[in-house]
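**Q** From the sequence below, what's the structure:
(2 chains)
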Number of protein chains: 2
Amino acid sequence: METQDKIAAVHRYVEAFETADIAIIKELYAADATVEDPVGTDTHNGIDAIVAFYEGALSSGVKLALTGTPRCAGDEVAFPFQVKAPGMSIDVIDIFKFNAEGMVVSMRAFWGAENMGS
Amino acid sequence: METQDKIAAVHRYVEAFETADIAIIKELYAADATVEDPVGTDTHNGIDAIVAFYEGALSSGVKLALTGTPRCAGDEVAFPFQVKAPGMSIDVIDIFKFNAEGMVVSMRAFWGAENMGS
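**A** Numbering: from 1, shown residues only, chains lettered A, B, ... in the order given. Next comes the predicted model:
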């Protein structure tokens, strides 16, 4: 998978939140994908569970803003961003792992209480 | 493992480069640790191979500067930083995974050609 395609996936992900468009989530994730958000908690397994998870996140109205350049390596990309809503923010780093078809098969989100701000 | 201990490990890692002190590397990594730098390449397996890898890196004179807050989650911490040397820089995100003794058992470094600057 080309670096530019991984970076495009990151920007589409930001756009999904910007436009609250669940169709973009369905287009990014593989049917058998897993989402671990935050890392260390139970994963959402499969596209149906993942869509349910994001429907909640997107309807909450939070937006994402990249805070650095995506780092592409191997079949993966790591990217730093801030989750923003009125009166709150969280600094997060996500890792997307892609399959041979260019779909995200694994998302892991790194953040904790110490990353929350106002 | 406490969040503050993971964050302290990140700062010790930055200090290892600042002072070119291989003793800090030996103190951070578990005997059976693996280092994948960058992600997608062959891993350095075990403390001897890891020390040899860092001896090269530390003697090159590069320094690290955090570019955001470490994100702690589960047994891991993700942190964004810049590798700096005269005339070059690389934006990187590292993931440390810790064992029950608080030693790093896995390091994965995310960066690619598009993250290099001057």
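
**Q** Run through the residues of chain A sitting next to chain B.
**A** Residues of chain A that fall close to chain B, judged by C-beta under 8 Å from any C-beta of the partner chain: A:3, A:7, A:38-41, A:67-69, A:71-80, A:91-93, A:95, A:109-115. Glycine gets a C-beta too; all of them are placed from N, C-alpha and C.

**Q** List only those of the residues you listed flagged as buried.
**A** For the residues of chain A next to chain B, a burial check counting by 16 or more other C-beta atoms under 10 Å in any protein chain shown picks out A:7, A:38-39, A:67-69, A:71-80, A:91-93, A:95, A:109-112, A:115.

**Q** Give me the subset of those residues lying in helices.
**A** Residues of these located in helices (DSSP state H): A:Ile7.

**Q** can you count the residues close to the closest residue to A:Ile47 other than its chain neighbours?
**A** Of all residues not flanking A:Ile47 in the chain, A:Ala31 sits nearest, at 5.0 Å (C-beta to C-beta, 6 or more residues apart in numbering or on different chains). A:Ala31: 11 surrounding residues under other C-beta atoms under 10 Å in any protein chain shown.

**Q** Just the element for A:Ala31, please.
**A** Element membership for A:Ala31 (DSSP states H and E) is strand A:29-36.

**Q** who's in contact with that strand?
**A** Outside strand A:29-36, the residues that touch it by C-beta atoms under 8 Å, 6 or more residues apart in numbering or on different chains are A:43-47, A:49-50, A:53, A:99, A:101, A:103-109.

**Q** buried ones in the host helix or strand of A:Gly56?
**A** Here A:Gly56, judged by DSSP H and E, is contained in helix A:47-59. The neighbour-count check on helix A:47-59 (16+ other C-beta under 10 Å) flags A:Ile47, A:Ile50, A:Val51, A:Tyr54, A:Ala57, A:Leu58 as buried.

**Q** what about the first one, distance to chain B?
**A** What that stands for is A:Ile47. A:Ile47 sits 23 Å away from chain B, going by C-beta to the nearest C-beta, to the nearest Å.

**Q** Go ahead and confirm that residue touches A:Lys26.
**A** Yes - counting by C-beta atoms under 8 Å, A:Ile47 touches A:Lys26, with 6.9 Å between them.

**Q** part of a helix, is A:Val105?
**A** No - per DSSP: H, G, I helix; E, B strand; the rest coil, A:Val105 lies outside any helix segment and is strand.

**Q** for chain A, what are the low-confidence residue spans?
**A** For chain A, no stretch is flagged by pLDDT under 70.

**Q** which residue ranges form the strands in it?
**A** A:29-36, A:44-45, A:63-66, A:71-73, A:76-85, A:88-98, A:104-110, A:116-117 (DSSP state E).

**Q** Which among those strands is found nearest to B:Lys84?
**A** When the strands of chain A are compared by C-beta to C-beta, strand A:71-73 sits nearest B:Lys84, at 15.9 Å.

**Q** buried stuff in the strand holding A:Ala31?
**A** Neighbour-count burial for strand A:29-36 [16+ other C-beta under 10 Å]: A:Tyr29, A:Ala30, A:Ala33, A:Thr34, A:Val35, A:Glu36.

**Q** Check the offset of it from the chain's centre.
**A** Relative to its parent chain, strand A:29-36 has a centroid offset of 11 Å by C-alpha atoms, centre = their mean, to the nearest Å.

**Q** Only alpha carbons, please: show it as CSV.
**A** Only the C-alpha atoms of strand A:29-36 are listed here, as CSV (Å, rounded to 0.1, in the frame of the first residue of the first chain):
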residue,chain,number,x,y,z
TYR,A,29,-12.9,-0.4,7.8
ALA,A,30,-12.6,-4.1,6.7
ALA,A,31,-15.5,-6.4,7.6
ASP,A,32,-13.4,-8.3,10.1
ALA,A,33,-11.7,-5.2,11.6
THR,A,34,-11.1,-4.6,15.3
VAL,A,35,-11.1,-1.3,17.2
GLU,A,36,-9.4,-0.9,20.6
